[in-house]
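Asker: Fold the following.
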Amino acid sequence: MAPRRPRSARGSGAQLREEILDATRELLARTGNAEAVSIREVSKLVGVSAPSIYRHFADKDALIDATVAQVFENLDAAMGAADDPTRSPIMRLRDQGMAYVRFALAYPEQYRLAFLPTTGRSSEVDRVLGSGAVVRFTQTVRDAMDAELITPGDPTPVVLELWATAHGLAMLLISKPALPWGDTDVLIERVLGAACVGHVMLDILDDVLGGEGPVPDPEQAARWLAGLRTGDPAG
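Answerer: Residues are numbered from 1 along each chain as shown. Sure thing, here's the model as predicted:
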């Protein structure tokens, strides 16, 4: 049985709340499953009674939400630190995406935790996603649209596509580190750079090739780009 935590001094409730979140994060990282975490186990790890936890969190769901939301807050801070407003929007998108993947690699257990299956209810995590990293991506996409680097319109599809690229790369690097990735830093820069350049090129290719759909025909596009390299754009 864990030793009982000394009684908190008046005004130290915020410290206890952080200790509860730290313990929850540790248990989630250890088990990899929110169902395996209980208020009882968290209280044992912190050294307080279960009612002490309920004074800070209404129930287990609220505790899990707050713990995961904190991960997203830290992720947003990492992306913000990498965002240089003096650079072009496309470079900023790449830099933000790279910061996203590097955060995931630096804190793999926290990152996995952030993407544990949810019950679909509105939660604190959803609120953080609505005001953190996704909002940052969205604003930068809008900046790219304002600069006519990406065709103006609803930024949401572009944001989700770039997010999917960053998340997919992060999860593969975390879950399959033994694959022959080569230099990880070079890989991250290449993949995120390609994703950003790809959105610019899609618009250019659509104008040049006159495609009817939202995505140019890959073979046509490849032939046109190969023609540029050889000096024969007609392919």
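
Asker: can you tell me how far Ala78 sits from Val101?
Answerer: Per Cβ to Cβ, to the nearest Å, Ala78 is found 10 Å from Val101. All C-beta atoms are positioned from the backbone trio N, CA, C, and that covers glycine.

Asker: the more surrounded of these two?
Answerer: Higher neighbour count among Ala78 and Val101: Val101, with 26 against 19, using other Cβ atoms under 10 Å.

Asker: Next one: the more buried one, what pLDDT does it get?
Answerer: Note for Val101: predicted pLDDT of 96.

Asker: next helix or strand past the helix or strand of the chain with the lowest mean pLDDT?
Answerer: Ranked by mean pLDDT, DSSP states H and E, the weakest helix or strand in the chain is helix 124-129, scoring a mean of 63. Remark: after helix 124-129, the chain's next helix or strand is helix 133-146, criterion DSSP states H and E.

Asker: For that following helix, enumerate the helices and strands it packs against.
Answerer: helix 60-81, helix 89-106, helix 156-175 (3 or more Cβ pairs under 8 Å, 6 or more residues apart in numbering; DSSP states H and E).

Asker: for that helix, which positions count as buried?
Answerer: Of the residues in helix 133-146, Ala133, Val134, Arg136, Phe137, Thr138, Thr140, Val141, Arg142, Asp143, Ala144, Met145 count as buried by neighbour count, 16 or more other Cβ atoms under 10 Å.

Asker: next one: stretch 200-208
Answerer: Residues of stretch 200-208 classed as buried by neighbour count (16+ other Cβ under 10 Å): Leu202, Leu205, Asp206.

Asker: Next secondary structure element downstream of whichever strand or helix holds the last one?
Answerer: Using DSSP H and E, Asp206 sits within helix 184-209. Beyond helix 184-209 in the direction of the C-terminus, DSSP H and E gives the next helix or strand as helix 218-230.

Asker: average pLDDT across that following helix?
Answerer: Average pLDDT, helix 218-230: 79.

Asker: and it, which residues are buried?
Answerer: Buried residues in helix 218-230, counting neighbours by 16+ other Cβ under 10 Å, are found at Ala221, Trp224.

Asker: and it, what does it pack onto?
Answerer: By 3+ Cβ pairs under 8 Å, 6+ apart, helix 218-230 packs against helix 184-209.

Asker: The helix it packs on - contacts with which helices or strands?
Answerer: Using 3+ Cβ pairs under 8 Å, 6+ apart: helix 184-209 touches helix 89-106, helix 156-175, helix 218-230.

Asker: Glu41 is nearest to which of those helices?
Answerer: Checking those against Glu41 by Cβ to Cβ gives helix 156-175 as the closest, at 25.0 Å.

Asker: orientation of that closest one relative to helix 60-81 in degrees?
Answerer: If you take axes from the mean of the first three to the mean of the last three Cα atoms, to 10 degrees, helix 156-175 sits at 100 degrees to helix 60-81.

Asker: Contacts only, for the residue nearest to the spatial centre of the chain.
Answerer: The centre of the chain sits closest to Tyr100, judged by Cα atoms, centre = their mean, with a distance of 5.5 Å. Shown in contact with Tyr100 (Cβ atoms under 8 Å, 6 or more residues apart in numbering): Leu75, Ala78, Met79, Ala133, Ala166, His167, Ala170.
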